[in-house]
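# sequence first, then the predicted structure, then my questions.
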Amino acid sequence: MGMKCIGVDVRGTSVKMGIFETTGELLDKWEVKTRKEENGKYILPDVAASIREKVSAMGLDLKTDIAGAGLGVPGPVMPDGSVEVCVNLGWKNVNPQKELSALLDGIPVKSGNDANVAALGEMWQGGGKGYDNLVMITLGTGVGGGVILDQKIVAGRHGLAGEIGHIHVRDEEKEYCNCGGQGCLEQICSATGIAREARRKMAASETASVLRQYGDNVSAKNVLDAAKEGDELALEVMAVVSHYLGLALSQAALIADPDIFVIGGGVSKAGQFLIDMVQKDYDHFMTISKNKARLGLATLGNDAGIYGAARLILQ
Ligand code: ZN
C-alpha cells in the first residue's frame with residue numbers, strides 16, 4: 001500500500017477534505033462545518049480531529065501511512081506559511097501549517113492561498129494535467145487566478161501573482177470594484193459582472209431579447225444560455241465579456257507564457273461555447289506568435305482545492 005496525502009480546503013462555511021494516493025487518485029472526500037467563532041480558533045482542531053477519525057476508519061496510521069497534509073486558505077499566505085489576517089475565517093497572526101502539524105503528531109503540513117492551490121490541483125489531475133506551466137482563471141462571483149510555473153505555485157513577492165481579476169481593462173468604467181479600482185476584469189467577466197453588463201445592454205437599447213423577461217434579476221447563466229441559443233442581445237453581452245477576457249489573457253500570456261490557461265468557476269459551465277468565443281479575441285490580441293498558451297476548461301470543479309492542497313505536500 002502506497003503513501004497517502006491529505007488535502008484540506010478551508011472555506012467560509014465548510015472545510016472540504018480529501019485523502020489521496022500520492023499518485024493522484026482521490027480515495028475519499030468529506031467536509032466539516034467551519035466554526036468561525038472566537039477568531040476561528042476551533043477550525044484547525046476540528047480539521048485535525050476529523051482527519052484522525054478518517055485515517056483510523058480507513059485502517060491507516062497517521063505517522064506511517066500519511067505523507068502529509070496540504071491546506072488551502074481563503075486569503076494571503078506568507079512564504080513561511082503564516083497568515084497575518086484572514087477576514088473570512090477571523091484568523092489574525094496564525095501559522096496554520098505549524099498549528100495543524102502540531103495537532104497531527106508532527107506530520108508535514110504546507111499551506112497556500114486557495115486560488116493558487118486550486119490552480120495546482122488543476123495542473124495535477126484536472127484541465128492542466130500533463131502540463132508544467134499553467135495559469136488558472138476562475139470566473140465565479142469574482143474573478144480569481146493562480147499561476148503555476150515548473151509545477152510550482154508562483155505567489156509573488158506580495159501575494160499578488162495571479163490576481164488577474166484586478167487587471168485594469170476598461171477605462172470608461174465609472175463603478176468601483178471591490179479592490180477600489182475602476183474597470184477591473186472582474187467587473188465584466190465575473191458572474192456578477194456578466195449580469196450587470198446584461199442589465200446595461202437592456203437599458204441602453206430596444207433590442208428584443210429573451211433576457212428581458214428576467215429584468216434586473218437576470219443572471220450570468222441566463223445570458224450564457226440565451227447566447228448559446230443565438231439571442232442577439234445576449235451575444236452582444238458575451239462579445240464584451242470575451243473581448244476583455246481575451247485582452248487580459250493575452251497580457252498574461254506575454255508575462256507568464258504558460259502552456260495552458262485553464263478556465264474554471266461557474267461561468268465556465270458554458271463550456272466550449274465560451275472557449276471558442278474567447279479564443280477569437282485572444283488570437284486577435286496575440287498576433288506575435290502562433291505558438292502560445294492554449295485555452296482549456298477546468299475539470300475538477302469544487303474539488304480543485306483539495307486536489308491542489310494534497311499536491312502541495314508532494315513538492
Ligand atoms: Zn478590482
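All right, it came through fine. Numbers count the residues shown, from 1 in each chain.
# host element of the residue of the stretch 201-315 of the chain found nearest the ion?
Residue nearest to the ion within the stretch 201-315 of the chain: A248 (11.9 Å; CB to the ion). Where C-beta positions appear, they are placed from N, C-alpha and C, glycine not excepted. Element membership for A248, per DSSP states H and E: helix 232-256.
# which residues are contacting stretch 238-248?
With CB atoms under 8 Å, 6 or more residues apart in numbering as the test, stretch 238-248 has contacts from 137, 164, 167, 169-170, 185, 188-189, 193-194, 197, 223-224, 227, 274, 277-285.
# among these, which lie within strands?
I137 (DSSP state E).
# buried only: go through the contacts of stretch 238-248 for me.
137, 164, 167, 169, 185, 188-189, 193-194, 197, 223-224, 227, 274, 277-279, 281-282, 285 (16 or more other CB atoms under 10 Å).
# the residue of the stretch 201-315 of the chain closest to the ion and K292, how far apart?
14 Å (CB to CB, to the nearest Å).
# tally of neighbours for A69?
Counted with other CB atoms under 10 Å, residues neighbouring A69 total 29.
# next one: the one helix or strand it maps to to chain centre, how far?
Following DSSP H and E, one finds A69 within strand 66-73. The chain centre lies 18 Å from the centre of strand 66-73; the measure is CA atoms, centre = their mean, to the nearest Å.
# who touches that strand?
For strand 66-73, the external contacting residues (CB under 8 Å, 6+ apart) are 3-10, 22, 51, 55, 60, 83, 86, 89, 96-97, 100, 104, 107-114, 117-118, 305-306, 308-314.
# buried subset of those residues as a ChimeraX selection?
The buried residues among the contacts of strand 66-73 can be selected in ChimeraX (16+ other CB under 10 Å) with this line:
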select :3,4,5,6,7,8,9,10,51,55,60,83,86,89,96,97,100,104,107,109,110,111,112,113,114,117,118,305,306,308,309,310,311,312,313,314
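# domains of the chain?
4-121+303-312, 131-299 (automatic domain parsing).
# pull the residues that contact the helix or strand where T64 lies.
Element membership for T64 (DSSP H and E) is helix 62-65. Applying CB under 8 Å, 6+ apart, the external contacts of helix 62-65 come out as M1, M3, K4, I51, R52, V55, L104, D105, I107.
# try it again with 10 Å
Contact partners of helix 62-65, identified using CB atoms under 10 Å, 6 or more residues apart in numbering, comprise 1-6, 19, 48, 51-52, 55-56, 58-59, 69, 104-107.
# follow-up on the earlier one: A248 and K292: which is more packed in?
Legend: neighbour count by other CB under 10 Å for A248 and K292, higher for A248 (28 against 19).
# for H158, give me its contacts.
Shown in contact with H158 (CB under 10 Å, 6+ apart): P76.
# err, G271, not the other one
When contacts are counted by CB under 10 Å, 6+ apart, G271 is found next to L224, K228, I263, L297.
# surely the third one and M277 touch.
No: I263 is beyond contact range of M277, at 11.3 Å (criterion: CB atoms under 10 Å).
# listing partners with orientation, what would you give for the strand holding A69?
strand 4-10 (parallel), strand 109-113 (parallel) (DSSP bridges).
# tell me the mean pLDDT for that strand?
Strand 66-73 shows a mean pLDDT of 97.
# quick one: contacts of the next helix or strand after that strand?
Where DSSP H and E defines the elements, the next helix or strand beyond strand 66-73 is strand 83-86. Contacting residues not belonging to strand 83-86 are listed as 10, 12, 39-40, 43, 73-78, 89, 91-97, 111, 113 [CB under 10 Å, 6+ apart].
# for the following helix or strand past strand 83-86, buried residues please.
For strand 83-86, the succeeding helix or strand toward the C-terminus, using DSSP H and E, is strand 91-94. Applying a neighbour-count criterion of 16+ other CB under 10 Å, one finds W91, V94 buried in strand 91-94.
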